[in-house]
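K.L.:
Below: sequence and its predicted model.
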Amino acid sequence: MTRILIGALLALAALHVHAQDAYPSRPITLIVPFPPGGVADITARPTAVALEKALKQPVVIANRPGAGGAVGNSLVANAKPDGYTLLMALSSISVIPEADKLFDRKPAYTLDQVIPIALISADPTILVVHPSLPAKSFKEFLALAKSKSGQMSYSTSGIYGALHMPMEMFLHAANLKMRAVHTNGGGPAITILLGGHVEMTVGGPAAVASHVKAGRLRPIVGWGAKRHEAFPQVPTFKEMGYDIEYYIWAGMFAPRGTPEPVMKTLRDAVRKAVDDPEFKSMMVKIDSPIQYLDAPEFAKYWAADAKRLAEAVKAVGRVEDQK
Amino acid sequence: MSGTGIQPIGGTARGLRSDVVAGLVLMVIASVVGWQNRAYPVGNLAEPGPGYMPLMIAAALGVFGLLIALRARTSPLFNAVDWSEGRRGIVMLIACAVAVFALERIGYRLSMIALLVFMLGVVERKRATPTLIVAFGFSFLSYYLFASLLKVQLPRGPWGL
Amino acid sequence: MDGGVFANLMNGFSVALQPSVLAYAFAGCVIGTLVGMLPGLGPLAGISLLLPATFGLNPIVAIVLLAGVYYGAMYGGSTTSILMRIPGEAASVMTCIDGYAMTQRGRAGPALAIAAIGSFVAGTLSVVALMFLAPTLASFALRFGPPEYTGLLLMGLFVLAYMSGGSMLKTLAMAAVGLLLGMIGIDAMSGYTRFSYGVIELADGIGIVPVAVGLFGLSEILLTAGQQTPPAIQRPTLRQLIPSLEEMKLAIGPISRGSVIGFLIGIIPGSAHIISSFVAYGIERRMSKHPERFGRGAIEGVAGPESANNAAATGAFVPMLALGIPTGPITAVMLAAIMVHGISPGPMLITQQPDLFWGFVASMYVGNVVLLVLNLPLVGLFVNLLRIPYSYLYPAILCFCILGVYSVSNSVVDVWIMLGMGAFGYVLRKTGFEPAPIALGLILSPMLELSVRQSLAMSGGSYGIFFDRPIAITMFVGAGVLILLGLKPLLFKSKDWREKVGLEDHV
């Protein structure tokens, strides 16, 4: 009985090995390092559907949330580089190793453990203030912030988080001081601003648009290279003479060492996927602008972004060291 | 020691009380936490650091532990606590630990079958037929229900099981 | 809006009662109940799992389906708590104490029935409140900033004083253990990872589900399975399934109080709604003429927390619908579900999408009715699980716990925590300690620490911020009163029930 079982299992295993010739020959797992419903997840879902069409193999999404994305990111970073385990990461992928360095932690992964496949979306953040604040324009805002240095407070999505880094870039560039009130997510950051408990926060355009329309929040300035389509009246930091840029982006990665032909197949598939009309309409609905960049351009973009973020993390430093 | 069973509350027999042991264990936990907490800056009252709250709670735990140990007079004798289920409990925990270790290596269904076969067949000494029916039935049914129908992500082994 | 509430609601019902929409509400409740029964998979997991499937549906159907899942899962969690002492999620931790005690006394049927009825009443009352008061309440809820939150959580912490049946000293010690467990993970204010010892999964902190399933469910199995004589098989008759008149009478008060408390706590943004069931339990014990019955199968101990957690679930929709802000992870996923259909959630939702809003409100009524109709007959079915000999039942429950805890975040580390907590819970129960305060402490400590430090960050280190805000000061006075009430037996040595029943002859 046992012998038959072992024999059968061995036969199965042999079959399994044998089937690995033309990529992709079995389902692909796309790891999302965040819980379902977040930006990474709702970007990954339509992408997976469109990829399935292009690759003719199921693309299964696996949410491996934890530690601000570190769990899922390190999972892919240490996965077998065969093209069957891919990652849909957010910009935070570059911040986590920097923060690990700051605290002398054993890094969960390093950036050179993954290679970029393509950038899917990128959205610049926007500075929004509570409407009770007298400042209507960036100039007034800056004057106010200067006169109340160290008195005003802003909420973030968490220390070194996606909504903390851009604010630090600005404070650093403008040589201002403010109180950071860290929360545990983008939602709570906006909620405590709506209640008037802090003066401002940084928000993704999709998250703040409806509150701005209803007059509950006032947009002041944006982090994009050019003005955001949804907020044409809001100037950018670049226009105001600050050389700072910040985007919340979502991109696909593979473990380093993935064979070149596999990478080519994947890049072609993603190129097809982002052109898929269904994919496009889905991305419009979730207010996430498609910003497709193929691997070489994305690698450049990523390198510049990672450098900016690393500098910002260093500028923040450890909180108690600032005192 | 007054025979078997738990000493009635307020008993006069002399010996180590269970609350003394419990209190001491709590104090040890508190000191370990307090010691480990040195790695984190404590800050001050106006700006509590990451180490502030753990230190305060550990201190409180230590005090509670001390009080529990001091007021242990009326608690049952430590030796009288009946640990008779403990042996099977340890077997059960070890079996579960093995199954959990196997979970992401050989997949949900195989490891659950192994766990159920062990628990029913070896520990509970059930006959082979019902054991196998429950083991296979539970693993495949629960996998079908939660993984296939409800799309819960359960680990699959190297043979897709 | 007021004049048209009924016209709008009728319009909503005409949407919600369409056979196809009704079918989805029904399907949602069934799926939700199933998901909720699996320990670990609570409403959040249920909704997240189904979210991708709703992308292709029309928005009203999608939201009705998800609301059904939400309600079903809230209720489903109580089933395993009552029958097997496995709290499927944080909200049912309190239910499993008296619910399981009732099961052991052969009153599983009434416990399940009262949980279903309580959930129904609380759900319906809360929808009425939501309908008329949403905009007003929502702006009130926004005034809860970090200082107010601190006060609320402190009140929650002092409810502990009434929660356990044993020694207050032991309760406090266990609460301290829970609070310490809550310290594990990344400190949100400084970025330090505390007590994680290189395990990256621990950086997120320890989840409540593995701890609760281990402390309550697994420890119960360890305790029972090893006994010489296995627990008797129960063969409930039809009559034993139905709550007696006396039980119904006892449950009325807790259900109505639970509804109000739950709703009020539920509308506050953040994760405070979890404490609603703890607060309801504490209050019921305080109000009861026979508090010594609690922990030994008091129907009030099931009715109060179950109603409170359902009311809180509805209350959480107030800020989401009226303001478009997610009050917690569940509403955040619901918002994502709406957004995927190109509807921008927010203050304009009621005026711009009346069909959706009123259809949603009406479907909440419908969902509550469907849930009751679905679950009362199921009580009979579930209770029959107790006919299975325990030696077959417990290995399956073990697997069930592993499955459920693993699926919370697909992490084996969680299952290890559950096993460890199971062993710990076994030792605790052997030595006369109660596990419930650990669960509450674990839930409270990250929230409490964060809100205290957020408040201090807002004020630049001044404690005045806790006292110059009207809501915050009210909360602190409330917490102070609770401390005094808790200290009363210590100070006056009066005829406290604890002494009367000889539970607490010291302290």
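P.N.:
Right, received. Where do you want to start?
K.L.:
Can you name the residues that contact the residue of the stretch 51-200 of chain A found nearest chain B?
P.N.:
Closest residue of the stretch 51-200 of chain A to chain B, C-beta to the nearest C-beta: residue A:62 (5.5 Å). For the C-beta atoms, the positions are set from N, CA and C on the backbone; glycine is no exception. Going by C-beta atoms under 8 Å, 6 or more residues apart in numbering or on different chains, residue A:62 touches A:29-32, B:153, C:410.
K.L.:
So it: helix, strand or coil?
P.N.:
strand (DSSP: H, G, I helix; E, B strand; the rest coil).
K.L.:
which residues pair with it across the strands?
P.N.:
Applying DSSP bridges to residue A:62 yields these beta-bridge partners: residue A:31.
K.L.:
Would you verify that residue A:231 is located in a helix?
P.N.:
No. Using three-state DSSP, the secondary structure at residue A:231 is coil, not a helix.
K.L.:
any idea how far the residue most central in space within chain A is from chain C?
P.N.:
Per C-alpha atoms, centre = their mean, the C-alpha nearest to the average position across chain A is that of residue A:90, at 2.2 Å. According to C-beta to the nearest C-beta, to the nearest Å, residue A:90 stands 15 Å off from chain C.
K.L.:
Thought residue A:247 was touching that residue, still the case?
P.N.:
No. Residue A:90 lies out of contact with residue A:247 (C-beta atoms under 8 Å); the separation is 10.3 Å.
K.L.:
can you pull the contacts of residue C:221?
P.N.:
Applying C-beta under 8 Å, 6+ apart, we find residue C:221 in contact with B:92, C:394, C:397-398, C:422.
K.L.:
show me where the chain has strands.
P.N.:
I'll assume chain A. A:28-32, A:59-63, A:85-90, A:114-124, A:126-129, A:153-156, A:179-182, A:200-203, A:218-222, A:247-255, A:290-294 (DSSP state E).
K.L.:
wait, I meant chain C there
P.N.:
Going by DSSP E, chain C shows strands at C:185-186, C:193-194.
K.L.:
From the centre of chain B outward, give me the first residue you hit.
P.N.:
residue B:93 (8.3 Å).
K.L.:
who touches it in this structure?
P.N.:
By C-beta under 8 Å, 6+ apart, the residues touching residue B:93 are C:222, C:419, C:422-423.
K.L.:
Is stretch B:45-63 in proximity to chain C?
P.N.:
Yes. Under the criterion of C-beta under 8 Å from any C-beta of the partner chain, chain C is reached by stretch B:45-63 at B:46-51, B:53-54, B:57-58, B:60-61.
K.L.:
Relative to chain A, how far out is the residue of chain B most remote from its centre?
P.N.:
Computed with C-alpha atoms, centre = their mean, the residue of chain B farthest from its C-alpha average is residue B:46, at 38.0 Å. Distance, residue B:46 to chain A, by C-beta to the nearest C-beta: 11 Å.
K.L.:
so which helix or strand takes in that residue?
P.N.:
Using DSSP states H and E, residue B:46 sits within no helix or strand.
K.L.:
circling back to that earlier point, list just the nearest of the residues of stretch B:45-63 next to chain C to residue C:67.
P.N.:
Nearest to residue C:67 among those is residue B:53, at 37.5 Å by C-beta to C-beta.
K.L.:
can I assume the closest one is in contact with residue C:182?
P.N.:
No. Using C-beta under 8 Å, residue B:53 makes no contact with residue C:182, being 9.2 Å away.
K.L.:
mind showing which ranges of the stretch 351-500 of chain C have poor pLDDT?
P.N.:
By pLDDT under 70, the low-scoring segments of the stretch 351-500 of chain C are C:486-500.
K.L.:
Up against chain A, what does it have?
P.N.:
Proximity of the stretch 351-500 of chain C to chain A is confined to C:409-411, C:450, C:454, C:457-458, C:460 under the rule C-beta under 8 Å from any C-beta.
K.L.:
Which one of these sits in the busiest neighbourhood?
P.N.:
residue C:454 (28 neighbours; other C-beta atoms under 10 Å in any protein chain shown).
K.L.:
Low-confidence ranges, the chain, go.
P.N.:
In the absence of a named chain, chain A is used. For chain A (pLDDT under 70), the answer is A:1-21, A:36-38, A:67, A:319-323.
K.L.:
The intended chain is chain C.
P.N.:
In chain C (pLDDT under 70), the answer is C:1-4, C:161-166, C:327, C:342, C:344-349, C:486-507.
K.L.:
what about residue C:352, how many neighbours?
P.N.:
Neighbour tally, residue C:352, other C-beta under 10 Å: 14.
K.L.:
That one and residue A:191, how far apart?
P.N.:
Residue C:352 sits 21 Å away from residue A:191, taking C-beta to C-beta, to the nearest Å as the criterion.
K.L.:
returning to what we had before: tell me which of the contacts of residue C:221 fall in helices.
P.N.:
Counted as lying in helices by DSSP state H, out of these, are B:92, C:394, C:397-398, C:422.
K.L.:
I'd like the residues you listed as CSV, with neighbour count appended.
P.N.:
Converted to CSV, the ones in helices among the contacts of residue C:221 look like this (neighbours: other C-beta atoms under 10 Å in any protein chain shown):
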residue, neighbour count
B:92, 26
C:394, 25
C:397, 23
C:398, 25
C:422, 27
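K.L.:
Close to chain A: what parts of chain B are there?
P.N.:
Within chain B, the positions near chain A by C-beta under 8 Å from any C-beta are B:41, B:43, B:47, B:49, B:153, B:158-159.
K.L.:
Using neighbour counts, give me the buried entries of the residues you listed.
P.N.:
For the residues of chain B next to chain A, a burial check counting by 16 or more other C-beta atoms under 10 Å in any protein chain shown picks out B:41, B:43, B:47, B:49, B:153.
K.L.:
Include pLDDT and secondary structure when you put those residues into a markdown table, please.
P.N.:
Formatted as a markdown table, those follow (pLDDT from 0 to 100; DSSP: H, G, I helix; E, B strand; the rest coil):
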| residue | pLDDT | secondary structure |
| --- | --- | --- |
| B:41 | 84 | coil |
| B:43 | 82 | strand |
| B:47 | 80 | coil |
| B:49 | 83 | coil |
| B:153 | 74 | coil |
